[in-house]
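> have a look at this fold, sequence not included:
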């Protein structure tokens, strides 16, 4: 119970780091980035947890397996690999879901994010379009 006029303690100050990591593990990548801006302690826990970034990165592996595997072979951390491939995975998912299927002009693409993709990814996208 907190006293009137006093701030409640930050959960990360009272819990073991492993428990804070489990709590942060419930967040998506965007929310993790926002949470890391909350305070220095949260930033340190989130920034330094390979487990958190590995979990997030594995979520995009189904879309960007080759890229993530190559990053890991090149020695990039899970966080670096996620940062390199997150937008690509979102764009690829949009293509596979048909978000761009009915685009009739380049003007319709303004404001939408694009990312470079490898030949295999374009092949998957083309096949999804052909199957529609």
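Nice, I can see it. Here the structure is a predicted model, which is why all the values come from computation and not from measurement. Numbers count the residues shown, from 1 in each chain.
> can you give me the neighbour number for residue 104?
6 (other CB atoms under 10 Å). For every residue, glycine as well, the C-beta is placed using N, CA and C.
> name the SS class of it, please.
Three-state call for residue 104 (DSSP: H, G, I helix; E, B strand; the rest coil): coil.
> do the same with residue 117
Reducing the assignment at residue 117 to three states with three-state DSSP gives coil.
> do residue 100 as well
coil.
> so in this protein, which helix runs the longest?
Longest helix of the chain, by residue count under DSSP state H: helix 50-73.
> name the helices or strands packed onto the helix or strand that that one is followed by?
The element immediately downstream of helix 50-73 (helix or strand, assigned by DSSP states H and E) is helix 78-96. Identification of packing neighbours for helix 78-96 by 3 or more CB pairs under 8 Å, 6 or more residues apart in numbering; DSSP states H and E yields helix 50-73, helix 119-131.
> break the chain into its domains for me.
Domain ranges of the chain: 1-48, 64-101+108-132, per automatic domain parsing.
> deepest of these, which one?
domain 64-101+108-132 (a mean of 14; mean count of other CB atoms under 10 Å).
> end to end on that one, go ahead and measure it.
Start-to-end span of domain 64-101+108-132 (CA to CA, to the nearest Å) is 22 Å.
> pLDDT value on the one residue sitting closest to the centre of the chain, please?
The residue lying closest to the centre of the chain (CA atoms, centre = their mean) is residue 29, at 4.1 Å. pLDDT recorded at residue 29 is 89.
> from residue 53, how far out is it?
9 Å (CB to CB, to the nearest Å).
> and residue 47, by the same measure?
Distance of residue 47 to residue 53, given as CB to CB: 9 Å.
> between these two, which contacts overlap?
residue 79 (CB atoms under 8 Å, 6 or more residues apart in numbering).
> thanks again, I'm all set now.
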